[in-house]
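Participant: any chance you can model this:
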Amino acid sequence: MTEIKVPATSANLGPGYDTLGLALTLFNNFRIKKRNDQQLKIKVIDKNRNKQIEIADSDNLIAQAYKKYFNFLEEDLIGAEIIEEMNSPLARGLGSSASAIIGGLAAAAVISNQLISENDFIQLAVQLEKHPDNVVPALVGGLTINFNCNNNFDYYKIDVDQNINCILLVPDYELKTEKLRSVLPNEINYSQAISNLSRISLLTAAFINKDYNLLKTAMDDQLHQPYRKKLIKGFDQIISEAYNNGAKGAALSGAGPTILALAVENEKLIAEKMEEVYNSLAIDSTSYIVKVSNSSLYQSLKEEISKDV
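Facilitator: So this is what the prediction gives:
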């Protein structure tokens, strides 16, 4: 049996809508075992609630990704047993669908003992996920700037300083990405676009130069957060509490409802103060304090598969 770890991810970071993504040291574990037939047996366990998640075959992204990989290889399917142990909360803006896709593709690579190129791996993942900002950092780690050039998705990776703490405030309710996308306007104006362009440039400079005092300005957004925050009670107050207690930056994680804060100190106090807002609203929540995972799952697969060649 082979085990792999796929990181949870936090996308957008404010202005980087469908463009920026962070890999986190909050991992979903996949256990993979070859079968002697062509059957796929997949089990997903929510470790936070200690229960198995029932997923309809039509919605099973692990199975879809696994089969897609073999279709790409143009080889007959090899059966497998795959168990995903989810440590990241489901449908909270932490890349649970991306984790399933990357896990399914990685499982197929292991079982087939054939690793396709990193670029091909990314294209398959984006075809399933529809956008790159979670699947790419889940595969390669770090902070990724994701872009499409001539119908090919690519990225630039920044290894993130381990002095940065990522505080995740996760409310005890789900918000599906489809619903959070539906509240976005069909059009934006030039001033909003210009504001976000300036912020995303500033944000990447802040990480490259480790100038984290820039993050508060850099993580401001005008394209999606003003609309999505209306579905998240206490959003503005939580962001204020994060900054008032020392956070360098704060924003929705992905489409939400998880809220991400970045800090170099006082991370426990910041988490407590953010949680207190939900407590005052009678909303249960959990906070996580994690780092950015700079490790590349793709490189790990390369090493794993080369051992068996």
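Participant: output the below-cut-off pLDDT ranges for the protein.
Facilitator: Within the chain, the ranges that satisfy pLDDT under 70 run 307-309.
Participant: can you give me the helices in it?
Facilitator: Taking DSSP state H, the helices of the chain run over residues 61-73, 96-112, 118-129, 135-140, 177-182, 190-209, 215-218, 225-228, 235-244, 267-280, 297-308.
Participant: just those helices: most buried one?
Facilitator: Greatest average neighbour count among these goes to helix 135-140 (a mean of 29), per mean count of other C-beta atoms under 10 Å. Backbone N, C-alpha and C define where each C-beta goes, glycine included.
Participant: before we move on, back to that, columns distance to residue 36 on top of the helices of the chain, output as JSON lines?
Facilitator: Output for these, formatted as JSON lines (distance: least, C-beta to C-beta, whole Å):
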{"stretch": "helix 61-73", "distance to residue 36": "16"}
{"stretch": "helix 96-112", "distance to residue 36": "12"}
{"stretch": "helix 118-129", "distance to residue 36": "26"}
{"stretch": "helix 135-140", "distance to residue 36": "29"}
{"stretch": "helix 177-182", "distance to residue 36": "38"}
{"stretch": "helix 190-209", "distance to residue 36": "48"}
{"stretch": "helix 215-218", "distance to residue 36": "52"}
{"stretch": "helix 225-228", "distance to residue 36": "47"}
{"stretch": "helix 235-244", "distance to residue 36": "52"}
{"stretch": "helix 267-280", "distance to residue 36": "48"}
{"stretch": "helix 297-308", "distance to residue 36": "18"}
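Participant: so which of these gets nearest residue 79?
Facilitator: helix 96-112 (8.4 Å; C-beta to C-beta).
Participant: now do the closest one: which elements does it pack against?
Facilitator: With contacts taken as 3 or more C-beta pairs under 8 Å, 6 or more residues apart in numbering; DSSP states H and E, helix 96-112 sits against strand 2-11, strand 20-34, helix 61-73, strand 80-86, helix 118-129, helix 135-140, helix 297-308.
Participant: report the angle between it and helix 118-129.
Facilitator: Between helix 96-112 and helix 118-129, the angle comes out at 130 degrees (axes from the mean of the first three to the mean of the last three C-alpha atoms, to 10 degrees).
Participant: tell me the angle of helix 96-112 relative to strand 80-86?
Facilitator: 150 degrees.
Participant: just want the angle from helix 96-112 to helix 61-73.
Facilitator: Using the same axes, to 10 degrees: helix 96-112 against helix 61-73 is 50 degrees.
Participant: hmm, back to that, adding distance to residue 234, write the helices and strands packed on helix 96-112 out as JSON lines.
Facilitator: As requested, those are exported to JSON lines (distance: least, C-beta to C-beta, whole Å):
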{"stretch": "strand 2-11", "distance to residue 234": "19"}
{"stretch": "strand 20-34", "distance to residue 234": "23"}
{"stretch": "helix 61-73", "distance to residue 234": "31"}
{"stretch": "strand 80-86", "distance to residue 234": "26"}
{"stretch": "helix 118-129", "distance to residue 234": "29"}
{"stretch": "helix 135-140", "distance to residue 234": "27"}
{"stretch": "helix 297-308", "distance to residue 234": "34"}
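Participant: quick check: end-to-end length of stretch 72-81?
Facilitator: 20 Å (C-alpha to C-alpha, to the nearest Å).
Participant: got the contact list for that stretch?
Facilitator: 32-42, 66-67, 70, 107-108, 111-112, 114, 116, 120, 124 (C-beta atoms under 8 Å, 6 or more residues apart in numbering).
Participant: mind listing what residue 292 touches?
Facilitator: 22, 23, 24, 25, 141, 142, 143, 160, 162, 164, 166.
Participant: among those residues, which one sits closest to residue 91?
Facilitator: residue 24 (16.4 Å).
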